[in-house]
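[1] Fold the stuff below for me.
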Amino acid sequence: MSIALIVTLIVIVLIVFLVVGIYNKLVGLRNRFKNAFAQIDVQLQRRYDLIPNLVETAKAYMKHERETLEAVIAARNTAYAASKTAAANPADAGAVRSLLQAESGLGGAMSRLMVVMEQYPDLKANQNMMQLSEELTSTENKVSFARQSYNDAVMTYNTQREVFPSVIFAGMFGFTPAELFKVENVTVRQAPKVSFN
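    Sure, this is the predicted structure:
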């Protein structure tokens with residue numbers, strides 16, 4: 001009887017250690033993808049700060065393109081608000097999806113702005129505009145790299161929570177699937193073309 005009790009206690013202790021190990025690994029992976037999202041947020045914030053400067057510089061040259069400029073600012077504000085919501089909880093897949101939709105809208109508005117700007121040679125030659133464009137291009141590249149790092153962290157987390165035996169405990173402990181940062185709009189998949197040469 002005592003041997004059965006000892007074996008039972010050993011099995012219980014092993015199960016507890018297994019569950020604790022799974023929990024700790026999932027926490028570590030979740031924190032990793034949250035940190036990766038924070039890196040995206042830093043770059044998005046930089047881009048959101050550059051866009052109003054770009055629009056202000058363009059306003060002086062594009063007096064007849066008010067609708068385009070206002071659309072860019074409205075899309076920027078929507079994306080900024082969605083970014084703050086997603087940054088508050090990157091594990092909220094709905095908030096990340098809302099950010100992705102807002103980013104798609106911003107990418108479309110920026111693409112339209114760049115097409116219109118091509119029609120203004122004086123604007124393309126403006127030193128301030130060239131500097132802002134260069135900074136925006138650099139920021140877009142950084143967003144792309146941060147997005148790749150985030151997606152890698154999300155993939156590792158989602159895989160770990162779906163494998164056996166983690167899948168048994170992941171839902172029980174509230175480890176929900178994380179959303180990949182996939183840009184659906186083709187115009188946003190590439191950095192906006194902001195070359196004014």
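[2] what's the model's confidence in the helix or strand where residue 132 lies, averaged?
    Using DSSP states H and E, residue 132 falls within helix 127-162. Confidence for helix 127-162, expressed as mean pLDDT, is 92.
[3] Report the buried residues of that helix.
    Taking 16 or more other Cβ atoms under 10 Å as the basis for neighbour counts, the residues of helix 127-162 that come out buried are 129-130, 132-133, 135-136, 139-140, 142-144, 146-147, 149-151, 153-154, 157-158, 160-161. Heads up, the C-betas are built off the backbone N, CA and C, glycines and all.
[4] For residue 49, identify the helix or strand it belongs to.
    Secondary-structure element containing residue 49, defined by DSSP H and E: helix 2-59.
[5] Can you name every helix or strand that the helix or strand following the helix holding residue 132 contacts?
    Note on helix 127-162: by DSSP H and E, the next helix or strand toward the C-terminus is helix 166-170. In terms of contacts (3 or more Cβ pairs under 8 Å, 6 or more residues apart in numbering; DSSP states H and E), helix 166-170 is packed against helix 2-59, helix 127-162.
[6] what comes up buried for helix 166-170?
    Taking 16+ other Cβ under 10 Å as the neighbour-count basis, helix 166-170 is seen to contain the buried residues 166, 170.
[7] And the pLDDT at residue 60?
    Note for residue 60: predicted pLDDT of 78.
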